[in-house]
Structure formats: structure tokens, C-alpha cells
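Peer 1: what's the 3D shape of this:
(2 chains)
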Amino acid sequence: MYQIDPTRLDLAEEFKRRPYGRHSAELQRVLNRMRTEPFEGHYVLIREGRFGPYKLGRFGRTPADPIAFTGQTFQNLREAEWTVFKLRWHRLTGLELPLD
Amino acid sequence: MLKIVGYTDRLSVRPGEAVAFKVSCEAGADAFDAEILRLICGDDSPGGPGFKAEPVAASVNGRYPGRRQPVNCGSFGLVSTDVGRPGEDGMTVAAVIAPTWLDKRAEQTILSCRAPATGAGWRLMLDPAGRPRFEVSDGARTVGVDIDRPAPERRWSLLIATLDTAERRIRIVHRLLDPLPGESGIEAADRPIPFAAPDPGDAPLTIAAVLTGAESERLFTASHFDGKIESPVIAPLVGEPAAITAVAALAEGCRARWDFAAGIDTQRILDASGRGHDGRLVNLPTRAVTGSNWRSQVVRWTDRPDLYGAIHFHCDDLHDMQWGTDFRWTVPGDLPSGVYAARVSCPGDGPGLDEDYLPFFVLPARDAPKAPVAFLASTFTFLAYANSHHGYEDPLSEVCYGALLSLGPAELFLKERRDFGISVYDRHRDGSGGVYSSWHRPILNTRPKRALWNFNADLHVVDWLHAIGQGFDVITDDRIDEEGAALLRGYRCVITGSHPEYHSTAMLDAFDAYVSGGGRLMYLGGNGFYWRVSTHPELPGVIEVRRGEAGTRCFELPPGERTHAWGGEAGGLWRSQGRAPQQLVGVGFVAEGFDENSYFVRDAGSFDRRAAFIFKGVAPDERIGDFGVLGGAAGYELDAADPALGTPPHALVLAHSVEHSNVYLLTPEELLAGFPGQDAIENDKVRADMVFFECPNGGAVFSTGSITWAASLSHNAYDNNVARITGNVLRRFIDPAPLEP
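Peer 2: Predicted coordinates for the structure are as follows:
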């Protein structure tokens, strides 16, 4: 299984600059690892209005189980992507991402 | 949570025909308002063209009493005779089963005959632990006899139960048809009962559910079975059920035995005993599935129906909610053809929660002059995706989309309300793939003001036609399926929406006849003409889709179950059936991605004199569609030309899309083996091609090969190169002057 190198802060910066669209091959590997987390606990955004804000939640054991909210709310999708990226970085490397 | 939802009783109507509207006030409002609207644009997103609708002075506009309408989902069989009433000596009941969802840990009914009011009667079932059980009740007391261990999941078991009224004893036998080494093949149990004979009265026999109530034609059921049932039998009392090794041994002298291998293409279940206890199926369980005797002898049920004697029931099957009609409207003769909806609303507590739009499509009268242009509403595609859950139930969705999953009120409502049914993209709760989808329920993703996908995205084309003042009729998939080429004939140009993905044989035949007979087709989408669909003359508003071993798909149906029950055609991709989309529209599906959309650049073909009319007003080096509501005219799902799959040799490739992201990957049917380098960065095949070619007798085809094309039409007040190219083609295609090849 691919392991994220916690010293590659350049990849995190690349993602923050451009969360969608073309990425470097190495950042794509990081994202593939992050986004293929199991269903249980998988992050999901809940739109409160038609176009936001977005509450962050996590799926339960099965699709029928309720979503547990983390308490975080975002005004736009880029903000949400960056926060989830940092959460996953911490979970997969064991280290806080030292970037805002 | 949504406060009000509803549906119409049909997809499409013509003037003079009536459409019924069925509404449920989910939050208990005692009244709701209704208004008929002509929909023009459903895109209320920031930067989009805005929601646009014209009010219609309809006789049905007004206030109506509100009510919450119940739903009964889950499929079952129903035999409305007295066959389930025990005889004087008692009875034997038997069936072959293969359960598919024991983890739900709930009672699952296999065969039952019980009075709904009292519960008096009997039931062959699995208990919440999956153990076979035979249960009898006199209405006051319920007793049952159980097998000690669960019936194994996805393996065949024969269950036999007896009621001996003289001895006041019930028995159950569980026989594994294919026991594993060391596994006991048979188990039995019996016990006395404190009454002689349970009397269900005139209760019907039910298969795969227990009847709990009835209101007129509407039946309410519970304790649904998930799995396959085969060869249910009701027979006189036998003395030694443990000696019976096959259900066929009960056939002689039986009271009824249902052969599910008969009438596979129907909703009828036929009594093979000759005693006339035929029944019917409710809520579309899956037929044409392999039975206990299937050993890969054939893979098409039509070759050996006798190997397909099972029916797969699911607790989340749904055909028709059978809601009461709140109002009915006969479409006036002077109503223009178009996309319409009834807006229903009641007091709510949030934007979008207190209203619903019940769409329907109005075709012109049969004898009316045809407009020059017909816009094709992709009703079968809308059905295929109806109320889909796969976007959030599949753990791979995020990595495929390249973006976090995002659920709005409609998705959350559906997540809570599985009884609103699934799409043919979803797995049933037992993990098996959905093959039917019905219009007879609220379809919450076929609405304006929802995601820009299918119906709501297609309204971008309608909006553009209105914006340029182009008169047009609306036609629909379901009507082409019914009426064939006659519906298309006479239109100078047929224009599709963004995603005309699902088509029946009759539809493809109609399009072939149209373009080869001088018709001109504008395919403004991607992933079009991709999957085969079947319909059934007795089941309007329902489609069948059987996904096979190719294509971008959420599941693959089991071997032997990929032939349509309705019509017996091979399911799967049209490409796999020898009718790749490239043959009709010059391009076919190659890749998808949903993170960011892109644009087109011109190819040599665009400078050919034959294409001069298409690019009038477009500079040679212009980026085409690097703008739009969805960020670019090239995106979501992409189609490319491929002469090997049927792109005509004289087709001009006018432009291709560029700069797609890493998450745009080649579709599986493009791969013979996995290999690195399948994304848009490394693989040039990941692109949309824009093509044009002439057809016999003056016909022609123009294709954009991209789902997001239409979302760029409105950019800069409809003054942009996507709108210019589309308008150039439309004007020329309407012009009856021959196209000079």
C-alpha cells in the first residue's frame, strides 16, 4: 500500500492551490490513498442550503446508518476539501500537517 | 426533510390526454397549492441562467387538501384464492430458497396465509437469525417450530413444513441441496400445537412477504424475504417430510405448485397443477434469474427456461406507489409542446423543502403540424438514474469523482426513505443489482433546482432554444419506443439533451431510419446511446436494464442473468451488441471524470469546406467552451470517434477536448488488459471529439461528445462560441437545402 511521505509538504501546497483538475502524479497518489478510505467513517458534506454552507460528516457502518457530524461547517467547497485533506493527512501519517 | 413530494401517472402526454397528479404532504400539512408551469430553465446556481418558468392558466391551479400518502415497497407474490386454507387433515407447504440478506436480522416470509386482522393462519419463514421456521396461529396463540441453524446465504435449501390437524403437530424439514463436506444435509424438528387447525379465512396466499392490510387495490405487507424462491408448493399432508428429497415429489396430487419458469416475461405466476391458482407479482421482483438446477448449461433464459425457475425478491423493490390522485388535468388542445411541471407547495421551514415540481412532457397533437425541431427528453435516462443512491453508497465514488461527496436535502431524504425505491445504478439492500426503474413514484433527481445532471442539465438546451426564439416540439424516449420512426419523421432536426444514454432496440431502429431517411440529428451530449433498455407493454413507465461484463457500471449482474426478462434480448452495452454509438452519432463513450471541466480546440476537419457553416464566426485558434456554468464545455463524460467501432469514414473530426485531469480515465470497455497510463494526462484517447457527417438522402449528424456542452450555451448572455457553433448547426440542419458532401 502506498505510504504518504509526511515531509512532502509541497504536495499539500499543490493541493491547496488547486484541489480540482490536473495534479502531479505524486499528489494524485496521495489523493487516491485518501479518497479510498472505507465506507465507515468516510467524510461527506451535507449542504444546508442549495449552494452551501456545508457541514462535514462521516458515514456510519452501512449506508442505512446515520451520518455523524464533526461540527465543522464550510462556506465553500475548496475550504472543505482543504480541511478534509489535513484530517486525512494526520490520520494516514500520524502527523499534523504544518500548514494553514 | 422535504415537506412535500409527488409524481404524475405518466411520463408524457399529448393534447387531449389527461395526466393525474399524486401528492403527499410529508410533514402533515392539511393543504397545498398547485400551479402548472412550462419549464424553461431549472438552473438556479450562482452564475447560471436562473430558474425560468412560464405560468399556465390551467383549470387545475389552486388549493387542495393535503394528506400524507403511505408507501408499500418490497416485492411479493399474491394468490387470491383459498389455496392456503389448510385441509381437513392438514397440509404440506414447501419451497426451494436461496436467501441473500441474513444480516438484516429480521423475520423473512417465504410463504404465508394469514388473516391480516388477527394473524390467524400459517407462515413458512426465516426467523431474525435466518433459521427456517414454520409458524401457525389461531389468532390468539402463535406457535412455531424451528430449525436450529440458519439457512445458508446464497445456497439452495429445500424447506418442507407440515400441519397435522389430527395429531395437532407441526413439522419442518430443512434439506441442503448441495451440502458441503462434513455438513449435515438435513435437519428436522417438530412440536405439538394447542389447537387443531389455524383458519386464515379468505386471506390470500402471499409469497416473500406477509400481508398486513389492504385498502381497495393497495396492499400492505411486511417481513419481506430477500433472496430467491423457487417452486413453492401446497400439498395435502404427507407423513414423512424428511423422506422428500426434491420438491417435485410433492407435485402429484398437490393443491397448487407454482412454476416460476413459466411466464418469465410477465408479472403472473402460474399454477402448474392445473387447478387454476394463478397469482401475480407485486413491486417487480427480478425474474429471469438462475434456479437451483442451473449449472452454467446456458447463459440465456430463453434457451432453457426450465433452468430459470426462481424469482429474486427484494425488500426494496418498488413498482407503483399507488398514491391517490389529488387532481387530474386534461391537456388543452392549444397547449404548446414543451417541458411542464406542476409546482406543488406547502408551508415549510427551508428553501426548497416546501415545494416540489412534478415534471411531465407534452408532445404535440398527432395531427398538429410539426415544428422544425424536436427536442428529445431522455426519459429512459431519467428513469435509469431515478432516485439513485450509488453516488454516496459506493465507497469509490469520491475517488472517481475527484471531489468530496456532497448531499443536499433530496439526497438526505432518499437516504432516509429507501421506500422511494432505487435506480438501476443501485444495489438492493441484499447487494444484488437493480434491474427495474419505475416512473410511478416521486423521482427527486428529475427536478428543476437540483443537480445539473440529466433532466435539469437538459433544460439548458430548452433554455437556449427559448433564448434564440427557436420553435420546437418536445418528444420523449418512451414515445419513440412506442411509436418508432413515425414520431421522428417530419422533423428537420432532432436535438438531444446532455446525456441520452439509454435506448431500446425500437429507439435505435427509429434513429437509424431517421438519419438515413434525410433526418438531421444534433447529439449535444456525452455517453449517449450506450446501454440497452427493454420495456413491457403492460408496464408503462418502467424500464429494464441488465448490466453485463462491460461498461462503466456500479455492479455486474451474475452470470446467466444478463438477458432481459422483457423481450429476451441480451442486456448490456449497445457496443457489445454490435451497435456501438459511433455507428449512429460518430462518437462513443471513452472516459469520465467529475472534478473539473475543460474545452475544445479545433482539428483539421473543422477547416474542411463541408464544415465551414459550423465554424462561421469562430476563429481558428479559439478555445471552444472554456467557460460555462460547469466550468467548461468538455466534461463529465466524453465520447470519441473510433472508425473501428463505426465512425463513418467520411466523418469530419472537427475538434477535440484537452487538458482533462487525472481522474478522467479510460472506460473499461476500452481496455483489453489493465495497464498504467489510462488517465487524461498520459492517454490521448481520453478526450471528447466533435464530429459531423452527412447521411443518405440529405440526413446529417453533428455530435459534441460531452455532457457539459449544454451548460456553456448561456454564457455571456448566450453570446459565445458554444452557442455560435450550436446555432450554426441548428440553422443549417433546419434548412432543407441539401448538404453537399
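Peer 1: in which helix or strand would I find residue B:474?
Peer 2: strand B:472-476 (DSSP states H and E).
Peer 1: could you measure the closest residue to residue B:547 other than its chain neighbours against residue B:202, distance?
Peer 2: Closest residue in space to residue B:547, ignoring its immediate chain neighbours: residue B:553 at 4.7 Å, by Cβ to Cβ, 6 or more residues apart in numbering or on different chains. Placement of C-beta: from N, CA and C, glycine included. For residue B:553, the distance to residue B:202 equals 46 Å [Cβ to Cβ, to the nearest Å].
Peer 1: neighbour-wise, which of the two wins?
Peer 2: Using other Cβ atoms under 10 Å in any protein chain shown, the more surrounded residue of residue B:553 and residue B:202 is residue B:553, with 21 against 10.
Peer 1: Give me the pLDDT for that one.
Peer 2: Confidence at residue B:553, expressed as pLDDT, is 92.
Peer 1: partner strands of the strand ranked longest in chain A, parallel or antiparallel?
Peer 2: Longest strand in chain A by number of residues (criterion: DSSP state E): strand A:68-74. Here strand A:68-74 has these sheet partners by DSSP bridges: strand A:54-58 (antiparallel).
Peer 1: tell me how far the partner strand is from the chain's mean position?
Peer 2: 11 Å (Cα atoms, centre = their mean, to the nearest Å).
Peer 1: how about the helices of chain A, start to end?
Peer 2: A:9-17, A:25-35, A:77-93 (DSSP state H).
Peer 1: okay, the ones you listed in JSON lines with mean pLDDT next?
Peer 2: Output for the helices of chain A, formatted as JSON lines (pLDDT from 0 to 100):
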{"stretch": "helix A:9-17", "mean pLDDT": "98"}
{"stretch": "helix A:25-35", "mean pLDDT": "97"}
{"stretch": "helix A:77-93", "mean pLDDT": "97"}
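Peer 1: Residue B:364 and chain A, how far apart?
Peer 2: 34 Å (Cβ to the nearest Cβ, to the nearest Å).
Peer 1: OK, contacts around that residue?
Peer 2: B:14, B:15, B:337, B:370, B:371, B:473 (Cβ atoms under 8 Å, 6 or more residues apart in numbering or on different chains).
Peer 1: again, but for residue B:190
Peer 2: So residue B:190 contacts B:145, B:169, B:170, B:171, B:172 (Cβ under 8 Å, 6+ apart).
Peer 1: Can you check the pLDDT for residue 56?
Peer 2: No chain in the question, so chain A it is. On the pLDDT scale, residue A:56 gets 98.
Peer 1: if you could check chain B rather than the one you did, that'd help
Peer 2: 98.
Peer 1: Give me every residue in the stretch 401-550 of chain B lying close to chain A.
Peer 2: Counting by Cβ under 8 Å from any Cβ of the partner chain, the residues of the stretch 401-550 of chain B close to chain A are B:402-409, B:412, B:415, B:418, B:429, B:449.
Peer 1: before we move on, the earlier item: return the set of buried residues in the longest strand of chain A.
Peer 2: By neighbour count on 16 or more other Cβ atoms under 10 Å in any protein chain shown, the buried set for strand A:68-74 is A:73, A:74.
Peer 1: Check what contacts that strand and list those residues.
Peer 2: A:45-46, A:48, A:52-58, A:60, A:80, A:83.
Peer 1: I'd like to know which of these are buried.
Peer 2: A:45, A:46, A:52, A:54, A:55, A:56, A:57, A:80, A:83.
Peer 1: What's opposite the closest residue to the fifth one other than its chain neighbours in the beta bridge?
Peer 2: The one in question is residue A:55. Excluding the flanking residues, the one nearest residue A:55 by Cβ to Cβ, 6+ apart is residue A:46, at 4.5 Å. For residue A:46, the beta-bridge partners under DSSP bridges are residue A:55, residue B:407.
Peer 1: which residues touch residue A:46?
Peer 2: A:54, A:55, A:56, A:57, A:67, A:69, B:406, B:407, B:408, B:412.
Peer 1: Relative to residue B:284, which of these is nearest.
Peer 2: If you rank the contacts of residue A:46 by distance to residue B:284 using Cβ to Cβ, residue B:412 comes first, at 25.7 Å.
Peer 1: Report the central residue of the chain.
Peer 2: Using chain A. In chain A, the residue lying closest to the centroid (Cα atoms, centre = their mean) is residue A:84, at 2.8 Å.
Peer 1: switch to chain B, that's the one I care about
Peer 2: Closest-to-mean residue, chain B, Cα atoms, centre = their mean: residue B:437 / 2.6 Å.
Peer 1: Remind me which helix or strand it belongs to.
Peer 2: strand B:436-438.
Peer 1: Residue B:596 now?
Peer 2: strand B:587-602.
Peer 1: quick one: the helix or strand just after that strand near chain A?
Peer 2: Sequence order places strand B:634-641 as the next helix or strand after strand B:587-602, per DSSP H and E. No: judged by Cβ under 8 Å from any Cβ, strand B:634-641 makes no contact with chain A; its nearest approach is 10.8 Å.
Peer 1: Could you list the buried residues of strand B:634-641?
Peer 2: B:634, B:635, B:636, B:637, B:638, B:639, B:640, B:641.
Peer 1: Would you format those as JSON lines with pLDDT included?
Peer 2: Formatted as JSON lines, the buried residues of strand B:634-641 follow (pLDDT from 0 to 100):
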{"residue": "B:634", "pLDDT": "98"}
{"residue": "B:635", "pLDDT": "98"}
{"residue": "B:636", "pLDDT": "97"}
{"residue": "B:637", "pLDDT": "98"}
{"residue": "B:638", "pLDDT": "98"}
{"residue": "B:639", "pLDDT": "98"}
{"residue": "B:640", "pLDDT": "98"}
{"residue": "B:641", "pLDDT": "98"}
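Peer 1: which residues are there in chain A that come within reach of chain B?
Peer 2: Going by Cβ under 8 Å from any Cβ, the residues of chain A near chain B are A:19-23, A:25, A:28, A:31-32, A:35-39, A:42-47, A:49-51, A:54, A:59, A:63-64, A:77, A:80-81, A:84.
Peer 1: Just the buried ones from the residues you listed?
Peer 2: Looks like the residues of chain A next to chain B have A:19-23, A:28, A:31, A:35, A:37, A:39, A:42-47, A:54, A:59, A:63, A:77, A:80-81, A:84 buried, using 16+ other Cβ under 10 Å.
Peer 1: So, low pLDDT: which residues of the stretch 301-450 of chain B?
Peer 2: Within the stretch 301-450 of chain B, the segments meeting pLDDT under 70 span B:348-352.
Peer 1: where exactly do the helices run in it?
Peer 2: For the stretch 301-450 of chain B, the helices defined by DSSP state H, counting those that start in this stretch cover B:379-384, B:390-393, B:397-401, B:409-416.
Peer 1: Deepest-packed of those helices, please.
Peer 2: Comparing these by mean neighbour count (mean count of other Cβ atoms under 10 Å in any protein chain shown), helix B:379-384 ranks first with a mean of 27.
Peer 1: what's that one in contact with?
Peer 2: Residues contacting helix B:379-384 (Cβ under 8 Å, 6+ apart): B:11-12, B:361, B:423-425, B:437-439, B:443, B:446, B:454-455, B:476-478, B:481, B:499-504, B:507, B:531, B:533, B:541-543, B:545.
Peer 1: Using PDB, write out every CA atom in it.
Peer 2: Output of helix B:379-384 as PDB, limited to C-alpha atoms (Å, rounded to 0.1, in the frame of the first residue of the first chain):
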ATOM      1  CA  THR B 379     -37.000   9.900 -20.200                       C
ATOM      2  CA  PHE B 380     -35.300   6.500 -20.100                       C
ATOM      3  CA  THR B 381     -32.100   8.000 -18.800                       C
ATOM      4  CA  PHE B 382     -34.100   9.900 -16.200                       C
ATOM      5  CA  LEU B 383     -35.700   6.600 -15.200                       C
ATOM      6  CA  ALA B 384     -32.300   4.800 -15.100                       C
END
